[in-house]
Every structure is written in structure tokens, then in C-alpha cells.
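[1] sharing a model that was predicted from the sequence below.
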Amino acid sequence: MTTATQAADLIRTHLARVTHLRDQADAAGLSQAVHEIKQLQARRFSATYMDFLSDARHAQATRFFLEELYGEHDFRERDRQFGRIAGAIERLFPEAVALLAVDLAETHALTETLDYRLATHWLGQDPTIPAAVRYTKSWRLTGQHEQRERQLVVVLHMATELQRLTRMNSLRLALKLMRRPAQAAGLSDLQQFLERGFDSFSTMGDASRFLSAIQHRERYWIDTLFDANAATASAALQAELARA
């Protein structure tokens, strides 16, 4: 089992990776390409989960995942706060909550790594070809099948833990009581992230349908983008993007 001290070390490691990739992207002139990759992926996610986004019970949790995990926002301030929590994790947050930060940090690092590698191949292609074709080619040139699998595993674990922890009223109360200390410690963005996650899953109640959808739909896209005929994969992605 991961301890709070180990969690702090893992958070530092993952965030160091994210910072390094950002610096590399800036130095290599890849920042705009990374942004374009993230925009396309956010559109795909919005289309894939349009039914959940339009459903009152699931909309909040779906937006939480879209904006916090697959969004195109600048997370530099939140990352700085995650770096600070690494040194105060035992003092400021309950261990069960702090371990959620490990999942988020790993997801963040995996996403940034894959997006950076996608961007290198994205830039190497004719910008006039359809975005879905360009993305499919970039995906296949990037490879990293194991990291794609790991990304899905970690996201599902985070969602499962949020579902479990929202049932613990004492933990939810403890998180609310952390608002003032977290703000004083300069961790308000992190506190808001954790509360949004708890609120989203609390509103949804039983998350089994949502978790099953993530598992099956993301599995479909991993398999399609890796294994389907290239033209078939590009056409499927183009149709999905058109729905967003």
C-alpha cells in the first residue's frame, strides 16, 4: 500500500516529468502542436460522452473528467500547488484523499508524455490533410500501447476511488474543513479540484454505468486507433469529431 510519504515522492516525480515536457515543448517549438492535440482530444471526449453530458445525473462528473483530465486548460498553477502539497501531504490532507492526488499526477504525466510525442509527429505531416487522418497517423507513429493502457487503468482507478470515498461522510466533512488551511497554504486550486471530484460523484450516486462507459468506450478508441485499418480508424474519428 502507498503511504503518504511515498505518495509525496510519486507526486514530485510525476510533476517533474510534466515540467520537463513543457520546457522541452517550448524549446522545440512544439507548444502550439501540443495545444492542437489537446483541443482535438477534448472534442473527441465531448462527442464520445455527449449522452452523459446531457444527462443531469451524470453531467457534473463527466465535465469534471473532461475539464480536469482531458481538458486543454493551462494547469501550471495547479501543478505548482501539487508540488507544494508533496511536502505537506501528511499534515494537510487525509491520506485517502492525498492518494487521489497521486492518481491525478500520474494521469497528468502520462497525458503530457503522450501528447508531446503525438505533437512531434503531428508537426511532421501536411497540415492540409484532415485532422482525423493526421491524428490517426500521429497516434500510430507514436505507439506507446502500454502507456495508453496504463492511462486508462489509472483514470478508472481514480474514478473508482472517488466513488468509494464519496460514501464516507466523515471524509467529505474533513475535506470541507480543509478549505481555510488549504487556502492559507496556497493550495486553493488543489482543494477545489478535490471538492469538485467529490461533489461530482456524490451528485451522480451509483457510478457503475459511467465507469463501464469509460472502460468500454476508451477501449474502443485505443483498439481502433491502433489496430483498425487506417482509413477505417480515420473515418471513425472524423465522424466522432463531427458530432462535437
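    Nice, thanks for sending it over. Residues are numbered from 1 along each chain as shown.
[2] how about the longest helix seen in the chain: buried residues?
    Secondary structure of the chain per DSSP state H: the longest helix is helix 95-123. Neighbour-count burial for helix 95-123 flags 97-123 (criterion: 16 or more other Cβ atoms under 10 Å). Just so you know, the C-beta spots here come from the backbone N, C-alpha and C atoms, and that holds for glycine as well.
[3] for residue 226, give its distance to residue 143.
    Going from residue 226 to residue 143 by Cβ to Cβ, to the nearest Å gives 9 Å.
[4] all helices for the protein, in order.
    4-28, 31-48, 50-53, 56-68, 76-92, 95-123, 131-142, 145-165, 169-177, 179-184, 188-204, 208-227, 230-243.
[5] mind telling me which of these the model trusts least?
    Lowest mean pLDDT within the helices of the chain: helix 76-92, at a mean of 60.
[6] from the chain's centre, how far out does stretch 150-169 sit?
    13 Å (Cα atoms, centre = their mean, to the nearest Å).
[7] show me what it is in contact with.
    65, 69, 96-97, 99-100, 103-104, 106-107, 110-111, 114, 171-172, 197-198, 200-202, 207, 210-211, 214-215, 218-219, 222 (Cβ atoms under 8 Å, 6 or more residues apart in numbering).
[8] can you check stretch 123-140 too?
    Contacts of stretch 123-140 (Cβ under 8 Å, 6+ apart): 30, 33, 37, 40, 118-119, 121-122, 225-226, 230, 233-235, 237-238, 241.
[9] and the residues you listed, which are buried?
    Buried members of the contacts of stretch 123-140, counted by 16+ other Cβ under 10 Å: 30, 33, 37, 40, 118-119, 121-122, 225, 233-235, 237, 241.
[10] nearest residue to the middle of this structure?
    residue 69 (2.3 Å; Cα atoms, centre = their mean).
[11] ignoring the adjacent residues along the chain, who's closest to that residue?
    Nearest non-adjacent residue to residue 69, counting by Cβ to Cβ, 6 or more residues apart in numbering: residue 107, 5.9 Å away.
[12] so what's that neighbour up against?
    69, 151, 154, 155, 158.
[13] how near is it to residue 47?
    21 Å.
[14] repeat that for residue 63.
    14 Å.
[15] same question for residue 6.
    From residue 6 to residue 47 the distance is 38 Å (Cβ to Cβ).
[16] more crowded one of these two?
    residue 47 (16 against 13; other Cβ atoms under 10 Å).
[17] ok, the more buried one - contacts?
    Neighbouring residues of residue 47 by Cβ under 8 Å, 6+ apart: 240, 241, 242, 243, 244.
[18] switch to 7 Å and redo it
    For residue 47, the contact set (Cβ atoms under 7 Å, 6 or more residues apart in numbering) comprises 240, 241, 243, 244.
[19] for ChimeraX, what selects the buried ones among the residues you listed?
    Only the buried entries of the contacts of residue 47 go into this ChimeraX selection, using 16+ other Cβ under 10 Å:
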select :240,241
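[20] export the contacts of residue 47 as CSV, with columns for distance to residue 15.
    Shown next, in CSV, are the contacts of residue 47 (distance: Cβ to Cβ, whole Å):
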residue, distance to residue 15
240, 31
241, 31
243, 34
244, 30
